[in-house]
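>>> Build me a model from this:
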Amino acid sequence: MFILMVVIFVLGYTAIALEHPLKVDKSASALILGTVIWVVYMLGGEGILSLGFSPSWATFLASHPDAHGLHAVHEFIVEHEIIHHLGEISEILFFLLGAMTIVEAVDQHEGFKIITDKIKTTNKVKLLWILSILTFFMSALLDNLTTTIVMVALIRKLIDDKQTRWFFASVVVIAANAGGAWSPIGDVTTIMLWIGGQITALQIIEGVLLPSLANIVVPLIILSFTMKGDVKRPIVQENGTEMTTSGERLLFLIIGVGGLLFVPVFKTFTHLPPYMGMLLSLGIVWVVGEIIHKNKTEEIKNKLKITAVLRKVDVPTVFFFLGILTAVAALQSAGHLSIMSKYLDDKLGNIYLIDLAIGVLSSIVDNVPLVAGAMGMYPIPDVGVVGYAAHFVQDGAFWEFLAYTAGTGGSILIIGSAAGVAAMGLEKIDFIWYLKKISLLALVGYLSGAAIYYVMT
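Residues are numbered from 1 along each chain as shown. Next up, the predicted model:
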C-alpha cells in the first residue's frame, strides 16, 4: 500500500500533465487523485505506519502512549492528520479565492485600464522593457497568474502580429514569475511558504528582490541587442457603451490593490492568518460595490456587483489546488516526503543544489506540489540551531532560495507555471516554439538570479 500511494500519485500527476491530450480538466484529475490516495492510506494505514517512515505518527504515539491497534491508526488519520492538513490547505484556498475575486472585481470595473492606457510607444525594445517591468511589479502586488492574464489582454491591444505577440507574452511569463517570487502574495508558492511560517513578508522581499530582478533584466538586456523594429498596432473597435465611469475605475483600482497590499500589514499587526485579512479586504470591496451600484440598472448590476463577479472567478483552479495539496498531504503524513528529504540530503547535501534542482524540476512538474513537498520534507527547527539545520529555520536560506527557484524555474518551459499555461491557452502559444525561442533566455535569467542570491548570502 505504501508503494501503491506513490503509483497513484504518479498516475494522477501524469493525467494532470496530459490534460490537453486527454481532454480531461486537470482539476478533475487532481480531485480524484487527492481523494483516492487518502482512501488507500486509510485502508492500508496500519501496514503503512508500521514501516516507521512517518514522523507525524511517531509524534502522535509519543503524545498518546496508550494508543495502539487499528483504532489508533484510524484516529490518527481521520481525526488528527486530515483535520490538521485541511486547516492548512483551507487557509491557502480562502486566501486565493479572496484575492482572485478582488482582482476580478477591479478588472470588471476596468481599473487596470487606467494603467494600460498610458502606454503609447511602438518601439519593440522600449515596449518590451515597459511591459516586463510593469508585469514584474504588478505580479508582486497581485499574483503572477492574474497579472499574466491582464498583460496578455493588453498585448492584444498593442500588437497585431501573432508571432510578435507570442514573443511578448512569453517574456511577460518570465517577468510575472520573477515578480511573484519576491512577494509574499505574488505567487501561490510564496503564499504557501508565508502562510506556513517558512518565510516572513519583509525578509522575502529583502532577500529575493534582487535575484528576481536579475531573472528578468538579464534576458531583457540580451533582447535589447537582438530585437529591432516597431510593432504594428491592431485597429481597435471602441465599444460605444461604458459600464463604469472614470471615477469608479480609479476607485476600484485603489481599493482593490490597496486591499491586497493591506494583507501583509494585517498579519503583522494582528498575528492572525493572512486569509482573514484577505477576506476583510474582499468584504470592504464588496460593500463599496453594493453602495455604488445600488441605483443602477439591472444589466449593470448583473455584470459589476461582486455576486456577478464571483461567477467569473476561476473556481476550477481552486479545486485543482485543493486536490493536489490534499494528495501531497497524504504523502507527507505517510512518510514518503521524509524519505525523499533524506535522499536529497544524502545525494546532494547542499541546500543551493537542492533548491536549484527543485526549480528546474518545476519547469516540468507543477511547483505547487513541489513546494508543498519541500514544506513537508523539511520541518522548521527550533530557533538557535546551528550548522546545516540552521538553513531551515524561518527565513532561512533554504526557504528564501526555494521561493526564488520554485517561482522562477517554471519559466524554462511554457507548461512549467500557471502563468505560462495561462499565456499558452490565451494566445495558443506552441510548446516547441517556446522551447526554441524562449527557454534558453529563461534559463539564463534563472541562473543569473541564482548566482546573485548565492553571492548575497
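>>> if I pick the closest residue to Phe76 other than its chain neighbours, what's in contact with it?
In space, and not counting its chain neighbours, Phe76 is closest to Phe60: 5.1 Å by CB to CB, 6 or more residues apart in numbering. Glycine gets a C-beta too; all of them are placed from N, C-alpha and C. Phe60 is in contact with 67, 76, 80, counting by CB atoms under 8 Å, 6 or more residues apart in numbering.
>>> And the residues you listed, which of them are buried?
Among the contacts of Phe60, those classed as buried by 16 or more other CB atoms under 10 Å are 76, 80.
>>> What about the contacts of Phe60, which are in strands?
Counting by DSSP state E, no part of the contacts of Phe60 is found in strands.
>>> Dump the contacts of Phe60 to JSON lines, plus pLDDT.
Below are those laid out as JSON lines (pLDDT from 0 to 100):
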{"residue": "Ala67", "pLDDT": "71"}
{"residue": "Phe76", "pLDDT": "88"}
{"residue": "His80", "pLDDT": "86"}
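>>> and the contacts of Phe60 as TSV, adding distance to Lys436?
TSV is the format used below for these (distance: CB to CB, whole Å):
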residue	distance to Lys436
Ala67	58
Phe76	51
His80	50
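>>> For the residue nearest to Phe76, pull up the helix or strand it's in.
Per DSSP states H and E, Phe60 falls inside helix 55-63.
>>> just checking, next helix/strand downstream of that helix?
Later in the chain than helix 55-63, the nearest helix or strand by DSSP H and E is helix 69-74.
>>> May I see the buried residues of whichever helix or strand comes after that next one?
Going down the chain from helix 69-74, the next helix or strand is helix 83-108, by DSSP H and E. Neighbour counts over helix 83-108 (16+ other CB under 10 Å) mark 85, 88-89, 91-108 as buried.
>>> Remind me what helix 83-108 packs against, helices and strands.
Packed against helix 83-108 by the contact rule (3 or more CB pairs under 8 Å, 6 or more residues apart in numbering; DSSP states H and E) you find helix 144-158, helix 188-196, helix 246-270, helix 274-293, helix 306-309, helix 315-334.
>>> Just the C-alpha atoms of the first one, please, in PDB.
C-alpha atoms of helix 144-158 as PDB (Å, rounded to 0.1, in the frame of the first residue of the first chain):
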ATOM      1  CA  ASN A 144       1.700  36.100 -11.500                       C
ATOM      2  CA  LEU A 145      -1.400  34.300 -13.000                       C
ATOM      3  CA  THR A 146      -3.700  37.300 -12.800                       C
ATOM      4  CA  THR A 147      -1.000  39.700 -14.000                       C
ATOM      5  CA  THR A 148      -0.300  37.500 -17.000                       C
ATOM      6  CA  ILE A 149      -3.900  37.400 -17.900                       C
ATOM      7  CA  VAL A 150      -4.200  41.200 -17.700                       C
ATOM      8  CA  MET A 151      -0.900  41.700 -19.600                       C
ATOM      9  CA  VAL A 152      -1.800  39.300 -22.400                       C
ATOM     10  CA  ALA A 153      -5.100  41.200 -22.800                       C
ATOM     11  CA  LEU A 154      -3.100  44.400 -23.100                       C
ATOM     12  CA  ILE A 155      -0.700  42.900 -25.600                       C
ATOM     13  CA  ARG A 156      -3.600  42.000 -27.800                       C
ATOM     14  CA  LYS A 157      -4.500  45.700 -27.900                       C
ATOM     15  CA  LEU A 158      -0.900  46.800 -28.600                       C
END
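>>> what mean pLDDT would you report for it?
Taken as a whole, helix 144-158 has a mean pLDDT of 80.
>>> now swap in the fifth one and tell me
Helix 306-309 comes out with an average pLDDT of 86.
>>> Can you give me the buried ones in it?
When burial is assessed from 16+ other CB under 10 Å, helix 306-309 yields the following buried residues: 306, 308-309.
>>> could I get those as JSON lines with distance to Tyr352?
Listed next are the buried residues of helix 306-309 as JSON lines, based on distance: CB to CB, whole Å:
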{"residue": "Ile306", "distance to Tyr352": "44"}
{"residue": "Ala308", "distance to Tyr352": "48"}
{"residue": "Val309", "distance to Tyr352": "43"}
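>>> Which one of the residues you listed is nearest to Ile155?
Lowest distance from Ile155 to the buried residues of helix 306-309 (CB to CB) belongs to Val309, with 23.6 Å.
>>> Could you report the neighbour count for Ala17?
Using other CB atoms under 10 Å, Ala17 has 16 other residues around it.
>>> Next, it: phi, psi?
Dihedral pair for Ala17: phi -70, psi -30, per degrees, to the nearest 10.
>>> shaky segments in the stretch 351-457 of the chain?
The stretch 351-457 of the chain contains residues with pLDDT under 70 at 365-367, 369, 383-388, 425.
>>> try it again with 90
Along the stretch 351-457 of the chain, the model assigns pLDDT under 90 to residues 351-355, 357-400, 406-407, 410-411, 413-436, 456-457.
>>> what's the nearest residue to Trp194 if we skip its chain neighbours?
Nearest to Trp194 is Pro184, by CB to CB, 6+ apart, at 4.2 Å.
>>> again but with Ile414, I slipped
Of all residues not flanking Ile414 in the chain, Tyr434 sits nearest, at 4.1 Å (CB to CB, 6+ apart).
>>> The one you found contacts Leu413, correct?
Yes: Tyr434 is within contact range of Leu413, at 7.2 Å (criterion: CB atoms under 8 Å).
>>> The two: which is more packed in?
Tyr434 (24 against 20).
>>> Ramachandran angles for Asn123?
Taking degrees, to the nearest 10, you get phi -70, psi 130 for the backbone angles of Asn123.
>>> ok now do Asp355, which residues does it touch?
Asp355 is in contact with 398, 401-402, 404-406, counting by CB under 8 Å, 6+ apart.
>>> what does Thr200 give?
By CB under 8 Å, 6+ apart, the contact list for Thr200 reads 184, 194, 394-395.
>>> swap in Gly407?
Gly407 sits next to 144, 177-178, 180-181, 186-187, 189-190, 212, 367 when contact means CB under 8 Å, 6+ apart.
>>> if we take the buried residues of helix 306-309, which one ends up nearest to Ile16?
Nearest to Ile16 out of the buried residues of helix 306-309 is Val309 (CB to CB; 27.8 Å).
>>> Contacts only, for that closest one.
Counting by CB under 8 Å, 6+ apart, Val309 touches 101, 104-105, 108.
>>> likewise Ile284?
With contact taken as CB under 8 Å, 6+ apart, Ile284 is in contact with 255, 259.
>>> Quick check: it vs Ile254, distance?
Per CB to CB, to the nearest Å, Ile284 is found 12 Å from Ile254.
>>> picking that back up, pick the one among the contacts of Asp355 closest to Leu279.
Ala406 (26.0 Å).
>>> Now do whatever helix or strand the closest one lives in against helix 188-196: the angle between them, please.
Here Ala406 sits within helix 397-408, counting by DSSP H and E. Relative orientation of helix 397-408 versus helix 188-196 (axes from the mean of the first three to the mean of the last three CA atoms, to 10 degrees): 150 degrees.
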